[in-house]
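*Asks:* got a sequence here, can you build the structure:
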Amino acid sequence: MLKLSRETQLPAIPNSSDPSVKALKEATEVRLGRRGDPLDRGLTVRDLYENGVINVSGLPDLSVGGGSGGLPIRPRPIIGDTSPPPAPVNFTAVGGFTGILVSWGKPPRKDLTAHIYRNTVDDISTAVFIAVSVGQIFSDSVTHGSTYYYWVRFVSAAEVTGPFNATAGTVAVTSTINDAIPDATINVAKIANLVVDMASVTGTLTANQVSAGLITSNMVDAAGISANKITMDGNIEFANTQSGVQFGKTSLGDSQAGAFFGRSGGVAGFNISSSTSGIYADSIGTVSLNNVRIYTGSAGSALEHDIVGTYTSNLSPQSTSITIIVVGGGAGSQNNAAGGFWTYRQRVGNAGNPSSIQFMTGLNGTGSVISTYTAAGGAAQGYSVTANNGNYTGYAGQASSKAAGGAGGGPGGFASAGTRGSGGGGNGSTSNDLSTGGVQTYANAGTTVSQLVTKPSNAQSVRMNVGAGGTGGYWNYTHPNPQSDNYQVITVWGYAGGDGFVSIADPNSGGIEVDLLSILTRLNAAGI
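*Replies:* This is a model prediction of the structure:
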């Protein structure tokens with residue numbers, strides 16, 4: 001270290017009664033540390049140098065000729081202990097509810113700080129640096145129900161890093177409210193009103209968690225328990241002789257709208273009714289059905305009709321949509337000549353008739369029409385064979401969405417009619433055919449409407465109309481000879497198109513509605 005000259009001695013300020021001199025003397029003595037609080041004394045360059053804070057160089061020689069230049073000053077680097085810090089010992093991590101307290105043994109050196117690392121898994125290679133502590137403890141704020149692994153190591157003032165306390169992490173887990181509250185420590189008196197709401201309660205309440213008679217009717221608010229809050233595996237038992245599950249009814253014999261399942265005295269049964277209909281059955285054999293409709297088939301199965309006519313079906317008030325299929329009648333085929341001397345009045349087949357489904361305001365197809373879905377019949381078209389004489393096979397009818405077309409006949413043979421809206425098959429012709437027909441083609445099928453329909457809110461039933469297939473074209477021929485005395489004019493018709501098809505599928509009813517009155521009438525007529 002550079003040796004400084006001896007400390008400059010200042011002469012004493014003489015005593016004087018002059019206030020200015022007295023004030024100057026007191027201020028000088030405070031700065032020199034001879035008066036007042038020592039913390040107020042002046043800090044000199046000598047103080048900084050002699051305490052190792054700075055270096056000075058190129059000191060001027062103030063003993064010769066004086067001098068007033070400043071000293072060249074530069075900070076002295078602080079190196080400290082450069083040896084590696086030791087590994088921390090006695091490291092612990094303890095979880096609370098929303099915090100984890102980590103601690104370690106007292107560092108053996110005063111120039112060390114602790115660096116804390118954390119990870120959600122026991123893997124030091126991916127651990128994250130989270131804090132620095134100059135003491136022996138650190139509090140980590142986390143959420144409840146968390147699991148973390150911790151490590152710590154020392155770093156010296158000379159920025160030398162020491163080893164971790166261990167390779168394996170020290171685990172700590174924060175608790176949940178289930179861990180924090182011992183069993184049977186909370187009772188009703190300790191829970192204030194409105195403290196617990198349904199959003200704060202999870203899990204399932206089982207029988208062994210509720211003492212017998214603990215929950216009474218005055219503890220459950222009206223409408224406080226709904227069906228979606230009850231899951232049951234077992235039975236509900238009613239010990240009273242006048243008890244049951246009730247909705248709008250107070251007993252088995254109550255006539256008001258609603259439902260009752262249970263017993264009234266010694267009679268058990270159920271009663272479900274509205275103001276216009278109902279079902280009643282009891283344990284003494286009484287069964288009553290009042291204006292009740294019964295459907296066969298499973299719910300949602302289709303009700304289908306493919307015979308010409310008008311049909312009705314009632315709809316469930318619970319249904320919001322109905323699946324419908326409507327197919328118009330197929331066109332009839334043209335029937336070509338199949339031999340004979342003269343042939344005339346050959347014709348193409350007739351067009352099929354439309355089919356429809358209508359939504360009605362009343363039951364059983366009554367009331368006003370709300371909406372109609374119609375499928376047109378197949379259009380009349382073409383001839384079954386070509387115009388040239390010869391042995392030809394007739395064209396088959398066009399297939400509909402529900403059935404294949406009628407088969408075409410062989411040369412001079414007979415074809416077949418269409419089904420479920422398909423076109424009729426055409427007859428064939430022979431070399432004796434005198435037809436003047438046009439281009440060979442098939443009889444058209446009826447069109448199809450198939451879709452999921454939104455049920456009108458005021459619809460109670462549907463009315464279904466199945467359209468007839470078109471009749472076939474015809475031709476005449478004489479037999480055996482128009483010049484003989486006993487000849488006949490014979491007319492041969494082409495084959496008809498298939499009658500139409502309709503179906504509905506109500507998701508809340510079966511396929512076919514059963515008419516109980518009709519069944520009873522037939523049973524009575526049969527003497528059963």
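*Asks:* show me the strands in the stretch 251-400 of the chain, by range?
*Replies:* 258-264, 267-273, 278-282, 287-290, 294-295, 303-305, 309-314, 321-327, 343-344, 355-360, 369-375 (DSSP state E, counting those that start in this stretch).
*Asks:* return the list of strands paired to the second one, each annotated with direction.
*Replies:* If I follow you right, that is strand 267-273. Here strand 267-273 is paired, per DSSP bridges, with strand 258-264 (antiparallel), strand 278-282 (antiparallel).
*Asks:* and of the strands of the stretch 251-400 of the chain, who's closest to L39?
*Replies:* L39 lies closest to strand 321-327 among those, at 90.2 Å (CB to CB). Using the backbone N, CA and C atoms, a C-beta is placed for each residue, glycine as well.
*Asks:* and the closest one, what does it pack against?
*Replies:* Other helices and strands packing on strand 321-327, by 3 or more CB pairs under 8 Å, 6 or more residues apart in numbering; DSSP states H and E, are strand 355-360, strand 369-375, strand 448-454, strand 501-505.
*Asks:* quick one, which of those is nearest to R263?
*Replies:* Nearest to R263, of all the helices and strands packed on strand 321-327, is strand 501-505, at 38.8 Å by CB to CB.
*Asks:* what's the helix or strand following that closest one in contact with?
*Replies:* Per DSSP states H and E, the first helix or strand lying C-terminal to strand 501-505 is strand 513-514. For strand 513-514, contacts defined as CB atoms under 8 Å, 6 or more residues apart in numbering pick out 293-296, 303, 313-314.
*Asks:* centre of the chain versus strand 513-514, how much separation?
*Replies:* Between the centre of strand 513-514 and the centre of its chain there are 36 Å (CA atoms, centre = their mean, to the nearest Å).
*Asks:* same check on stretch 161-169?
*Replies:* Taking CA atoms, centre = their mean, one finds stretch 161-169 lying 48 Å from the centre of the chain it belongs to.
*Asks:* what's it in contact with?
*Replies:* Residues from elsewhere that reach stretch 161-169, judged by CB under 8 Å, 6+ apart: 84-89, 91, 104, 112, 115, 117, 119, 122-124, 127, 149-156.
*Asks:* change it to 7 Å
*Replies:* Around stretch 161-169, the neighbours that count as contacts under CB atoms under 7 Å, 6 or more residues apart in numbering are 84-88, 91, 104, 119, 122, 124, 149-155.
*Asks:* in PyMOL, how would I select just the buried ones from those?
*Replies:* The PyMOL command for the buried members of these (criterion: 16 or more other CB atoms under 10 Å) is given here:
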select buried, resi 85+88+91+104+119+149+150+151+152+153+154+155
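*Asks:* got the residue ranges for the helices in the stretch 401-528 of the chain?
*Replies:* Here the stretch 401-528 of the chain has its helices, by DSSP state H, counting those that start in this stretch, at 516-525.
*Asks:* so where is it shaky, pLDDT-wise?
*Replies:* Scanning the stretch 401-528 of the chain for pLDDT under 70 picks out the ranges 410-414, 427-440, 474-493, 512, 515-518.
*Asks:* before we move on, what about the stretch 151-300 of the chain?
*Replies:* Within the stretch 151-300 of the chain, the segments meeting pLDDT under 70 span 179-180, 182-185, 187-214, 217, 222-224, 226-229.
*Asks:* how about 50 then?
*Replies:* Counting by pLDDT under 50, the stretch 151-300 of the chain contains no low-confidence residues.
*Asks:* pull the longest helix from the chain.
*Replies:* For the chain, the longest helix by residue count, based on DSSP state H, is helix 19-31.
*Asks:* for that one, buried residues please.
*Replies:* Residues 25, 30 are the ones in helix 19-31 that count as buried (16+ other CB under 10 Å).
*Asks:* export only the CA atoms of it, formatted as PDB.
*Replies:* Extracted in PDB, the C-alpha atoms of helix 19-31 (Å, rounded to 0.1, in the frame of the first residue of the first chain):
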ATOM      1  CA  PRO A  19     -20.400  35.100  17.200                       C
ATOM      2  CA  SER A  20     -19.100  34.400  13.700                       C
ATOM      3  CA  VAL A  21     -15.800  33.100  15.000                       C
ATOM      4  CA  LYS A  22     -17.600  31.000  17.600                       C
ATOM      5  CA  ALA A  23     -19.900  29.500  14.900                       C
ATOM      6  CA  LEU A  24     -17.000  28.700  12.700                       C
ATOM      7  CA  LYS A  25     -15.100  27.000  15.600                       C
ATOM      8  CA  GLU A  26     -18.200  24.800  16.400                       C
ATOM      9  CA  ALA A  27     -18.700  23.800  12.800                       C
ATOM     10  CA  THR A  28     -15.000  22.900  12.300                       C
ATOM     11  CA  GLU A  29     -15.000  20.800  15.500                       C
ATOM     12  CA  VAL A  30     -18.100  18.900  14.400                       C
ATOM     13  CA  ARG A  31     -16.500  18.100  11.000                       C
END
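*Asks:* name the next helix or strand following it along the chain.
*Replies:* Per DSSP H and E, helix 19-31 leads on to helix 45-50 as the next helix or strand towards the C-terminus.
*Asks:* now for that next one, which elements pack on it?
*Replies:* With contacts taken as 3 or more CB pairs under 7 Å, 6 or more residues apart in numbering; DSSP states H and E, helix 45-50 sits against strand 54-56.
*Asks:* now do 10 Å
*Replies:* Helix 45-50 sits against strand 54-56, strand 73-75, with contacts defined as 3 or more CB pairs under 10 Å, 6 or more residues apart in numbering; DSSP states H and E.
*Asks:* looking at the ones you listed, which has the lowest confidence?
*Replies:* Here the lowest mean pLDDT among the helices and strands packed on helix 45-50 goes to strand 73-75, at a mean of 64.
*Asks:* so where's the longest strand in the protein?
*Replies:* Taking DSSP state E as the criterion, the chain has its longest strand at strand 147-156.
*Asks:* packing partners of that strand?
*Replies:* Applying 3+ CB pairs under 10 Å, 6+ apart, one finds that strand 147-156 contacts strand 92-95, strand 99-103, strand 112-119, strand 128-133, strand 137-141, strand 161-164, strand 170-173.
*Asks:* partner strands of it, parallel or antiparallel?
*Replies:* By DSSP bridges, strand 147-156 pairs with strand 112-119 (antiparallel), strand 161-164 (antiparallel), strand 170-173 (antiparallel).
*Asks:* so T361 is in contact with S368, correct?
*Replies:* Yes - in this structure T361 lies within contact range of S368 using CB atoms under 10 Å: 4.8 Å.
*Asks:* neighbour count for these two, which is higher?
*Replies:* Between T361 and S368, counting by other CB atoms under 10 Å, T361 is the more crowded of the two (14 against 10).
*Asks:* what's the pLDDT at the more buried one?
*Replies:* 96.
*Asks:* now it: how far from T176?
*Replies:* The gap separating T361 from T176 is 59 Å, by CB to CB, to the nearest Å.
*Asks:* which residue packs closest to T98, ignoring adjacent ones?
*Replies:* H144 (5.3 Å; CB to CB, 6 or more residues apart in numbering).
*Asks:* which parts of stretch 38-45 are buried?
*Replies:* Buried residues in stretch 38-45, counting neighbours by 16+ other CB under 10 Å, are found at R41.
*Asks:* and that stretch, end to end?
*Replies:* One end of stretch 38-45 to the other measures 17 Å (CA to CA, to the nearest Å).
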